[in-house]
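Student: One predicted model, sequence on top.
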Amino acid sequence: MKTEILAPCGSMDSLIAAVRCGANAVYLGTKDMNARRGADNFDSEQLKNATEYAHSHGVKVYVTLNTLVSDAEMQQAHAIVKDALLCGADAFIVQDLGLVKMMRECYPNAKLHASTQCSVNTPDGFRKLEELGFVRAVIPREMSLDEIREIRRCTDMELEIFVHGALCMCVSGQCYLSAMLGERSGNRGLCAQPCRLAFSADNSGSYDLSLKDLSLISHIKEIEDAGVISLKIEGRMKRPEYVAAAVTACKKAIDGGYKSGDEDVLKSVFSRSGFTDGYFTARRKDMFGTRRKEDVVAAGSVLKELSHLYDNEKPLLPIDMEFTCKTGEAVRLTATALGKTVNVTGNVPEKAMNKPMTEESVAARLSKLGGTQFYADSIKVCLDGGLIIPASEINSMRREVVTLLSKDAVQPFECKDYSSRYEIPHRTEKPYYTARFTDASQIPAGHPFRRIFLPIWTSDEDFVKSGAGVEIPRGLFGTESRLKKELTHLREIGVTTALCSNLGAYKTAEELGFKAYGDFGLNIFNSEAARQFNSPVLSFELTLEQAGRIAAEDVGIIGYGKVPLMITRNCPVKNRIGCEKCGKKGVLTDRKGYKFSVKCSSYPCVEILNPLPIYLGDRMHEINTDFVHFYFTDETKEQVLQLVNMYKKQEKYPNKYTRGLYYRGVK
């Protein structure tokens, strides 16, 4: 398959810029349920116009439905999919596993692309996406070239990679910082980007969560050789000039003509202290940067020039034409382009009084395709001698075939109605308790927890003595082989359960004989998703009411704990002060003085914890789930016992705490 340049379109102007500069596909969102709800986006009529324009230029349209969807919104999501298919959408970029299930059942013809928000980062994870019906998956930005090659070997799915644009500090789909601080959820398309504010590892007011923008355009040949077929540009919130510049740069790179001057132009139009390729090259240094005054000023000198890149239609598509003019027969023009062939019939030619038509004069008329998206690739003229038709008629026939070829024919698709098929369980008993601990020393004797879990790096002795299951890390980049060896060993010593926060870990655990349980990182936000996992911990972005209405067996919420707000492959503390000074006690301080603990491990990523614990002990009577999960981090055994007693007695918390999002919800 030809390498695809996939451009972001937050508006019709951006779409036109992308198409005229040579993008092979665009991705865009409707007014709801997409990860850039702050962009202009497209209503139904605009989507139809956008799709018709793109298709008339041989460009595919992928509609983003890459947010979490509540039960109350599933019917609306069904309608959005139907409307997009009626408009001719070629595929859908999806995050929510419940939405995926609905789409597979109701719209079996719809092509599904797995969003990077799915947080899949292992070969088993990509295999699971393929099993779920995805035909393409977006590779996480944090993967190195060698890790991408490993993914290519494990799946037949098409692979897509971000090659240019903003770089989030957190692994996509696992960031809850914006939601917890201001109810604006990245998983719901309204991230407020608080990570671009001051979060300092050394109390200096530094910006230790702000990464430079990504640019892999100089690595496109390596990416192609690795078997990735789609080059994705980030930026649906960016202006059309940005889109034009990035698409043009990608085209140059594919053709081998990308130069340092082209990168300078990209830096001028938008950057944060320049660009980085640190994840791709596995050299994760000098990756942090902010939007400086000089970055902003630089754009002024290039924007007007870039706008000329898409001023007019570009002849990007070949068209083949055959003109037949025979004595006593109506003239015919057959044209082929965009995989279609059309025919136009004119009048019967007359005998020429003076100067008859020639093959050359007809071909010259037919080749005048200026102002259209086509250029004449081949023109065949079959002409009897001594004939003539008006030049205006040839021009009219040429224009008509261009119009016919540009028309978009929507492909038929299967559509089944959707309605919620599940009854909300009537839960009469008090929720039981489960827990994860950072260390076995926190576990009190005679604890009340039905299930407990310890991190995978816990000692064999502690696993056996405590009877705990294993908590599998969320960030597993390049470590699946090691993970499988360690899990196989744990099965041999009698560990039988696993708590899994991503699809890859869940699949790996099940195949190795563990009873897998779903954790919060799976972002289970609706009943369709909850029913795909065993006893899942629901997303803590749900309200208590929404969680209580999940129609699935044995679901729970995090009722206590300093929950992780970010997981990142590039440690902000290591970058600022180094590991020696940190001593595994890293802390980030925000502009209000709150302290966010940074927890590292023997696996590739670090987690950044909320400074205040969620506490619901005095609201237990309002919880309508089967269990409450305790997320213990730095508590002592004595504190754990105290907390358990407080929950039993439904006491108020004596220190600062948060209710999380259980009453606020997310936008």
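Tutor: Alright, I've got the coordinates.
Student: Run through the stretch 201-350 of the chain and note the low-pLDDT ranges.
Tutor: Applying pLDDT under 70 to the stretch 201-350 of the chain flags no residue at all.
Student: do that again at 90, thanks
Tutor: Counting by pLDDT under 90, the stretch 201-350 of the chain contains low-confidence residues at 260-261, 292-305.
Student: Of all the helices and strands in this structure, which has the lowest average confidence?
Tutor: Across the helices and strands of the chain, mean confidence by mean pLDDT, DSSP states H and E is lowest for helix 293-299: a mean of 84.
Student: Now do that one: which elements does it pack against?
Tutor: helix 260-269 (3 or more Cβ pairs under 8 Å, 6 or more residues apart in numbering; DSSP states H and E). For glycine as for every other residue, the C-beta is placed from the backbone atoms N, C-alpha and C.
Student: Could you give me the buried positions within the helix it packs on?
Tutor: Across helix 260-269, burial judged by 16 or more other Cβ atoms under 10 Å covers 262-263, 265-269.
Student: for those, which one is nearest residue 234?
Tutor: Distance to residue 234 across the buried residues of helix 260-269 (Cβ to Cβ) is lowest for residue 266, with 12.4 Å.
Student: Quick check: that closest one touching residue 164?
Tutor: Yes. Residue 266 lies in contact with residue 164 (Cβ atoms under 8 Å); the separation is 7.2 Å.
Student: Common neighbours of the two, please.
Tutor: Shared contacts of residue 266 and residue 164 (Cβ atoms under 8 Å, 6 or more residues apart in numbering): 215, 217, 246, 249.
Student: first vs last residue of stretch 308-319, how far apart are they?
Tutor: In stretch 308-319, first residue to last residue: 25 Å (Cα to Cα, to the nearest Å).
Student: For that stretch, give me every contacting residue.
Tutor: Counting by Cβ under 8 Å, 6+ apart, 16-17, 20-22, 57-58, 240-241, 244-245, 248, 335-338, 369-377, 402, 405 sit against stretch 308-319.
Student: do the same with stretch 404-417
Tutor: Stretch 404-417 is contacted from outside by 51-52, 55-56, 78, 82, 85-88, 105-110, 319, 335, 337-338, 340, 342, 344, 373-374, using Cβ under 8 Å, 6+ apart.
Student: Mind checking the pLDDT average for that stretch?
Tutor: For stretch 404-417, mean pLDDT is 92.
Student: in that stretch, what's buried?
Tutor: Buried, per 16+ other Cβ under 10 Å, within stretch 404-417: 405-406, 415.
Student: Can you list the buried residues in the least confident helix or strand of the chain?
Tutor: Here helix 293-299 shows 295, 298-299 as buried, counting by 16+ other Cβ under 10 Å.
Student: Quick one: distance of that helix to the chain centre.
Tutor: Centroid separation between helix 293-299 and its chain, computed with Cα atoms, centre = their mean, to the nearest Å, is 28 Å.
Student: next one: stretch 333-351
Tutor: Distance, centroid of stretch 333-351 to centroid of chain: 44 Å (Cα atoms, centre = their mean).
Student: Regarding it, how distant is the last residue from the first?
Tutor: By Cα to Cα, the extent of stretch 333-351 from end to end equals 19 Å.
Student: same check, this time on stretch 115-124
Tutor: In stretch 115-124, first residue to last residue: 16 Å (Cα to Cα).
Student: now do stretch 597-605
Tutor: End-to-end distance (Cα to Cα), stretch 597-605: 14 Å.
Student: Go through that stretch and flag the buried ones.
Tutor: Buried residues in stretch 597-605, counted by 16+ other Cβ under 10 Å: 597-600, 603-605.
Student: Residue 646 and residue 465, how far apart?
Tutor: To residue 465, residue 646 is 26 Å away according to Cβ to Cβ, to the nearest Å.
Student: Residue 106 now?
Tutor: From residue 106 across to residue 465, the span is 50 Å (Cβ to Cβ).
Student: So these two - more neighbours on which side?
Tutor: Per other Cβ atoms under 10 Å, whichever of residue 106 and residue 465 has more neighbours is residue 106, with 17 against 11.
Student: what's that one in contact with, if anything?
Tutor: Residues in contact with residue 106, defined by Cβ under 8 Å, 6+ apart, are 78, 81, 415-418.
Student: Okay, helices next: where are they in the stretch 51-200 of the chain?
Tutor: Using DSSP state H, counting those that start in this stretch, the helices of the stretch 51-200 of the chain run over residues 74-87, 97-106, 123-131, 145-154, 177-182.
Student: neighbours around residue 182, how many?
Tutor: That count, for residue 182 with other Cβ under 10 Å as the rule, works out to 15.
Student: mind listing what the spatially closest residue to it that is not a sequence neighbour touches?
Tutor: Sequence neighbours aside, residue 192 is the residue nearest to residue 182 in space, at 5.5 Å (criterion: Cβ to Cβ, 6 or more residues apart in numbering). When contacts are counted by Cβ under 8 Å, 6+ apart, residue 192 touches 178, 181-182, 184.
Student: And residue 112, by the same measure?
Tutor: Counting by Cβ under 8 Å, 6+ apart, residue 112 touches 91-92, 94, 100, 103-104, 132-136.
Student: what's the spacing between residue 28 and residue 487?
Tutor: From residue 28 to residue 487 the distance is 41 Å (Cβ to Cβ).
Student: Which one's more surrounded, those two?
Tutor: residue 28 (32 against 22).
Student: In three-state terms, label that one for me.
Tutor: Following DSSP: H, G, I helix; E, B strand; the rest coil, the label given to residue 28 is strand.
Student: Let's see the pLDDT reported for the closest residue to it other than its chain neighbours.
Tutor: Among residues not flanking residue 28 along the chain, residue 9 sits closest, at 4.3 Å (Cβ to Cβ, 6+ apart). You'll see residue 9 listed with a pLDDT of 96.
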